[in-house]
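> heads up, no residue letters with this:
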Ligand code: FAD
């Protein structure tokens, strides 16, 4: 049985798990912390994998290797937790050992969705989730051969941007009638598609993959169900990711497309917590629990779980947000984007800068998509947080101050005094795919 001297065991040494371990130490927790990671690498940043993977910058550790021993974090790399015995409060590990826990935290992330068509066992058919995946993709790029990307989600479009910038012929194959159909407004899809087209990327929408064809076991292209083909020597499958909740499922924890947690990260077992991509959780801006895949989401949940474990004050919930870099476009998105809302465009003063505000029928701002417009992003995120109502015509007028567009801010937004915001090109969710 577990004892009170047992450590907090964190399963998954990705962004959320490693952040939680660090936060526990930062808050003065002196008990044991075990961080179990299936990958061999020390915890690293995942966003560069789709943005920098042709250079050395692809590998960006979250913290120096000595951080873990220096902070008495028992990091076990290349080891999986294979089973949870909730009654005994123990986990079994793939290296044959086991560990008792006083609290268990699942931070297992998500796994790339698989393509269910004939031919997917061919060499050269890749997915992108880990540093090793990115290195494989980077070396395929080195050969300069044509690339097909199945799925026009954020990861696919980021890779398309890097590849086309490197002179590689790229075709994006998207099942829906536009790229980013599940996660962005049609206006953002249109603007991004134009940016990709202008750099030579071919985007085939409403296109269904029928099979992957290969020669001598190596991929040579894709057959679409309309009978056409796309030749490619590398195929990246970027059709989204599913929560890695299999371990939780087997342990009998409540799951429904992700481990179900409350706002503090508690699962259906009071000794087990979960955070990051693997969870589905309530947020004040959605009617039911949502599954978010973003760094800010994993970070916020790590803060909530740390507070729950240590009995300290919980941080305020944060409006979901994330970023994406494509060419020189620095995209930042806040709020939950879903179809059906009115989208009001506010053009920036500099070329390529814009903000797309999503309004519900009461003209309340529910989301904002921005490119090269950090001021609009910050104001838009605050509008979402405060459920601010706006005058759409003023909002659309770049000469009008954003504060003059506000008609009502029911969430007690007393402190907010929006300043005049000019779009700039300076760099700065539910992010999926
Ligand atoms: P992860 O970081 O995925 O970590 C989970 C870890 O758990 C993995 O290392 C896995 O191997 C390990 N694991 C799983 N099962 C076990 C087990 N049984 N035992 C031990 N270890 C286990 N978000 C943004 O906000 N902006 C971006 O620009 C952005 N770009 C991205 C680009 C790419 C290519 C990808 C893949 C993701 C991107 N994301 C981005 C999303 C972001 O990286 C994730 O939302 C975030 O990493 C989630 O953190 P996590 O801790 O939940 O999971």
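Great, that's in hand. Bear in mind that the values here come from a model prediction, so they are computed numbers and not experimental data.

> can you count the residues close to residue 338?
14 (other C-beta atoms under 10 Å). Using the backbone N, CA and C atoms, a C-beta is placed for each residue, glycine as well.

> now stretch 64-79: how far from the chain's centre is it?
24 Å (C-alpha atoms, centre = their mean, to the nearest Å).

> now do the end-to-end distance for that stretch.
20 Å (C-alpha to C-alpha, to the nearest Å).

> quick check: phi and psi at the nearest residue to residue 371 once chain neighbours are set aside.
Nearest residue to residue 371, sequence neighbours excluded (C-beta to C-beta, 6 or more residues apart in numbering): residue 329, at 4.9 Å. When read as degrees, to the nearest 10, the backbone of residue 329 gives phi -90, psi 120.

> can you name the residue of the stretch 101-250 of the chain nearest the ligand?
When scored by C-beta to the nearest ligand atom, the stretch 101-250 of the chain has residue 109 as its residue closest to the ligand, at 2.6 Å.

> give the contact list for that residue.
12, 14, 16, 244, 276, 277, 278 (C-beta atoms under 8 Å, 6 or more residues apart in numbering).

> residues of the strand or helix carrying the third one that come out buried?
Secondary structure assignment for residue 16, by DSSP states H and E: helix 15-26. When neighbours are counted by 16 or more other C-beta atoms under 10 Å, the buried residues of helix 15-26 are found to be 15, 16, 17, 18, 19, 20, 21, 22, 23, 24, 25.

> same deal with stretch 38-53?
Quick answer for stretch 38-53 (16+ other C-beta under 10 Å): 38-39, 42-53.

> compute the number of surrounding residues for the closest residue to the ligand within the stretch 201-350 of the chain.
Among the residues of the stretch 201-350 of the chain, residue 276 lies nearest to the ligand; the distance is 2.1 Å by C-beta to the nearest ligand atom. By other C-beta under 10 Å, 34 other residues sit near residue 276.

> how about the contacts made by the nearest residue to it once chain neighbours are set aside?
In this structure, residue 276 finds its nearest non-sequential neighbour in residue 16, 3.3 Å apart by C-beta to C-beta, 6+ apart. Counting by C-beta under 8 Å, 6+ apart, residue 16 touches 107, 109, 275, 276, 277, 298, 299, 301, 302.

> take those residues and write them to TSV, including secondary structure, distance to residue 63 and pLDDT.
Compiled in TSV, the contacts of residue 16 are given as follows (DSSP: H, G, I helix; E, B strand; the rest coil; distance: C-beta to C-beta, whole Å; pLDDT from 0 to 100):
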residue	secondary structure	distance to residue 63	pLDDT
107	coil	16	99
109	coil	18	98
275	coil	18	98
276	helix	17	98
277	helix	20	98
298	helix	15	98
299	helix	14	98
301	helix	19	98
302	helix	14	98
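
> biggest separation within those residues, which pair?
109 and 299 (13.7 Å; C-beta to C-beta).

> out of the contacts of residue 109, which comes closest to residue 188?
residue 277 (22.4 Å).

> the closest one touches residue 241, doesn't it?
Yes. Assessed by C-beta atoms under 8 Å, residue 277 is found in contact with residue 241 at 7.0 Å.

> shared neighbours of these two, which are they?
110, 293.

> how far away is the residue nearest to residue 49 when sequence neighbours are not counted from residue 410?
The shortest distance from residue 49 to any non-neighbouring residue, by C-beta to C-beta, 6+ apart, is to residue 134 (4.0 Å). The gap separating residue 134 from residue 410 is 44 Å, by C-beta to C-beta, to the nearest Å.

> for residue 374, what are phi and psi?
Torsion angles, degrees, to the nearest 10, at residue 374: phi -60, psi -30.

> now the one 10 residues further on
Torsion angles at residue 384 (phi, psi; degrees, to the nearest 10) stand at phi -60, psi -50.

> same thing with residue 136?
phi -60, psi -40.

> show me the contacts for the closest residue in space to it that isn't next to it in sequence.
Using C-beta to C-beta, 6+ apart and skipping the chain neighbours, the partner closest in space to residue 136 is residue 126 (6.0 Å). Going by C-beta under 8 Å, 6+ apart, residue 126 touches 133, 136, 137, 140, 234, 235, 236, 237.

> for residue 103, same thing?
8, 9, 271, 272, 273, 309.

> what is the nearest of the residues you listed to residue 369?
When the contacts of residue 103 are compared against residue 369 (criterion: C-beta to C-beta), the nearest one is residue 273, at 31.7 Å.

> count of residues packed around that closest one?
With other C-beta under 10 Å as criterion, residue 273 counts 28.

> from residue 89, how far off is the residue nearest to residue 136?
Counting by C-beta to C-beta - residue 126 and residue 89 are separated by 39 Å.

> kindly report the same for residue 102.
7 Å.

> so for these two, which residue has more residues nearby?
More neighbours surround residue 89 than the other of residue 102 and residue 89, with 21 against 17 (other C-beta under 10 Å).

> you'd agree the more buried one is up against residue 8?
No. Using C-beta under 8 Å, residue 89 is not in contact with residue 8, being 11.5 Å away.

> give me the common contacts of the two.
101, 102, 104.

> can you redo those residues as JSON lines with secondary structure and distance to the ligand?
Shown next, in JSON lines, are the shared contacts of residue 89 and residue 8 (DSSP: H, G, I helix; E, B strand; the rest coil; distance: C-beta to the nearest ligand atom, whole Å):
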{"residue": "101", "secondary structure": "coil", "distance to the ligand": "13"}
{"residue": "102", "secondary structure": "coil", "distance to the ligand": "19"}
{"residue": "104", "secondary structure": "strand", "distance to the ligand": "12"}
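
> bridged to residue 358, which residues?
Under DSSP bridges, the beta-bridge partners of residue 358 are residue 343, residue 367.

> number the chain from 448, please
Noted, 448 is the first residue going forward, which turns the last one into residue 805.

> residues contacting it?
Here residue 805 is in contact with 632, 782, 784, 788, 789, 790, 812, 813, 814, 815, 816 (C-beta under 8 Å, 6+ apart).

> could I get the buried residue list for stretch 532-539?
Of the residues in stretch 532-539, those buried (16+ other C-beta under 10 Å) are 536, 537, 538.

> same check on stretch 676-688?
677, 679, 680, 681, 682, 683, 684, 685, 686, 687, 688.

> which one is the third one nearest to, not counting chain neighbours?
Looking back up the chat, that one is residue 680. residue 592 is the one closest to residue 680 (C-beta to C-beta, 6+ apart), at 3.6 Å.

> mind listing the helices for the stretch 648-797 of the chain?
693-697, 742-757 (DSSP state H, counting those that start in this stretch).
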